[in-house]
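Q: I would like to see how this sequence folds:
(one chain, ligands or ions: 1)
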Amino acid sequence: MKRYYGEFGGQFLPESAMFALSELEAGFLKFRKDKGFKKELSALLKNYVGRPTPLYFAKNLSQKYGHEIYLKREDLNHTGAHKINNALAQALLAKKMGKKKVIAETGAGQHGLATATAAALLGLECEIFMGEVDAQRQALNVYKIELLGARVHAITKGLRTLKEATTAAIGAWVSDLENLFYVVGSAVGPYPYPQMVTHFQSIIGKECRAQLKKCAKKPDIIIAAVGGGSNAAGIFYEFLKDERVRLIGVEAAGLGVDTPYHAATLTRGKTGIIHGMKTKVLQDEAGNILPVHSISAGLDYPGVGPLHAHLCASGRGEYVAVSDDECVRALKELCREEGIIPAVESAHALAHLKELCANLKKKSVIVVNLSGRGDKDMQTIRDYKKGTIYG
Ligand SMILES: *Cc1c(COP(=O)(O)O)cnc(C)c1O
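A: So this is what the prediction gives:
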């Protein structure tokens, strides 16, 4: 399997971690084709996660924007987002590889929750690394993770959010490579993580293609929010070779990409190294990683998966950025128009519809990946004031 997407990706970790990455690569390459593994995983995805998720024709939204808009309902998955597809698959892989304990980083807590859930189901020990600020903001998710039998480490370094949690998780992993399996939560990190996470999330696009075919539709445009890039990679992957399908990734513009308060890595980042991969990174002139800001903890990351850095550089993918204010507008719009409360992350993808649809020349079939539900965000939305600076 290729280690790079174009010039992005690779393995930038200390020599001591290389053995564990090779072991992981071997395990992944073996089990992804293993009949028993595939059967067990697809049974769990069906009966435990609730797949396939519906592809829902959003009639009211379609009428409003004058195009055919479909929502891929990842919000209906067990634990409320697409993250469980990957967390469950990696936890099952860990078990098959003989590991007894999984660890994971988490920002908003969704990946921590998904990993703790999978660990409980599969009888694995589980430790979750979370920035102290995020742990306070997402106290309910911390409680859920503990209720599921996992331990939460609140990280007190730096900005005390996702970047520091990821660095701490990598540190813990490197110190006990033999016993731990690191369940990475997005299409990021050193090879083979981005490729593996994309593989496990690609079920979203596969289902989507089959569901569109069933109603005799061909997609013109697919839109997804991009944090690290796993839900976007999951829905894009199946359509990469289908050049007539436009693939649009939406990043977090926070208070605006011309202010210091955003997380728009592909819009404003430069090539660099972060968390074991070569990709686009938000950094200053000296190469120091910059702080990021977004209403959405799930998009609040100064790097991005190498697949997206490559799709952006090659032009196959289009990447735009949407502000906190636009996100809140779109979240409320979906509530009113369709009776669906989306996650703030997913609302970034929805927010792009307004500008996109106003500029389309022909009537189009558009699919938005509705990556998660909004329950976790209700406090944030209720307290939202334009201009708030989120950590
Ligand atoms: C974590 C999360 C995201 C962002 O992560 P990606 O890896 O970019 O998909 C998007 N939506 C929801 C609901 C999330 O929980």
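Q: which ones are touching K354?
A: K354 makes contact with Y65, E326, A330 under the criterion CB atoms under 8 Å, 6 or more residues apart in numbering. To be clear about C-beta, it is placed using only N, CA and C from the backbone, and glycine gets the same treatment.
Q: any chance of those residues in CSV, with pLDDT, secondary structure and distance to the ligand too?
A: Shown next, in CSV, are the contacts of K354 (pLDDT from 0 to 100; DSSP: H, G, I helix; E, B strand; the rest coil; distance: CB to the nearest ligand atom, whole Å):
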residue, pLDDT, secondary structure, distance to the ligand
Y65, 98, helix, 22
E326, 98, helix, 16
A330, 98, helix, 14
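Q: Of the residues you listed - the most surrounded one?
A: Tallying neighbours with other CB atoms under 10 Å puts A330 at the head of those, with 23 neighbours.
Q: Nearest residue to that one in space, ignoring adjacent ones along the chain?
A: A351 (3.6 Å; CB to CB, 6 or more residues apart in numbering).
Q: Could you tell me how many residues sit around that neighbour?
A: Residues near A351, counting by other CB under 10 Å: 27.
Q: Quick one: mean pLDDT for the host helix or strand of it?
A: Here A351 sits within helix 344-358, counting by DSSP states H and E. The pLDDT scores in helix 344-358 average 98.
Q: in that helix, what counts as buried?
A: Neighbour-count burial for helix 344-358 flags V344, E345, S346, A347, H348, A349, L350, A351, H352, L353, L356, C357 (criterion: 16 or more other CB atoms under 10 Å).
Q: What separation is there between the residue lying closest to L76 once chain neighbours are set aside and T156?
A: Distance criterion CB to CB, 6+ apart; nearest residue to L76, sequence neighbours excluded, is T53 at 5.3 Å. Per CB to CB, to the nearest Å, T53 is found 37 Å from T156.
Q: Looking at those two, which has the bigger crowd around it?
A: T53 (23 against 12).
Q: Could you check the pLDDT of that one?
A: On pLDDT, T53 comes in at 98.
Q: Low-confidence stretches in the chain?
A: By pLDDT under 70, the low-scoring segments of the chain are 391.
Q: relative to helix 344-358, how tilted is whichever helix or strand comes after the helix holding A351?
A: Sequence order places strand 365-370 as the next helix or strand after helix 344-358, per DSSP H and E. Going by axes from the mean of the first three to the mean of the last three CA atoms, to 10 degrees, strand 365-370 is angled at 160 degrees with respect to helix 344-358.
Q: Contacts for strand 365-370, please.
A: Counting by CB under 8 Å, 6+ apart, 55, 67-75, 82, 204, 208, 212, 217-225, 231-232, 234-235, 340, 342, 346, 349-350, 353, 356-357 sit against strand 365-370.
Q: need the contact list for P192.
A: Taking CB under 8 Å, 6+ apart as the test, what P192 contacts is M1, L21, L24, E25, F28.
Q: before we move on, what about P190?
A: G10, Q11, F12, L13, A17, L21, H275, G276, M277.
Q: how about it, secondary structure?
A: coil (DSSP: H, G, I helix; E, B strand; the rest coil).
Q: Could I get the contacting residues of the residue nearest the centre of the chain?
A: By CA atoms, centre = their mean, the mean C-alpha position of the chain lies nearest to S230, the distance being 3.8 Å. Contacts for S230 (CB under 8 Å, 6+ apart) come out as H82, K83, N86, G185, S186, A187, V197, T198, Q201, G305.
Q: and it, how far is that from H199?
A: Distance of S230 to H199, computed by CB to CB: 11 Å.
Q: And the helix or strand hosting T267, how far out from the chain middle?
A: Using DSSP H and E, T267 maps to helix 265-268. A distance of 16 Å separates the centroid of the chain from that of helix 265-268, by CA atoms, centre = their mean, to the nearest Å.
Q: swap in stretch 189-197?
A: The chain centroid and the centroid of stretch 189-197 are separated by 13 Å, computed with CA atoms, centre = their mean.
Q: cool, and stretch 304-322?
A: 14 Å.
Q: Check the gap between H67 and K39 for me.
A: 39 Å.
Q: which one of the two has more residues nearby?
A: Set H67 next to K39 and count neighbours by other CB under 10 Å: H67 wins out with 19 against 10.
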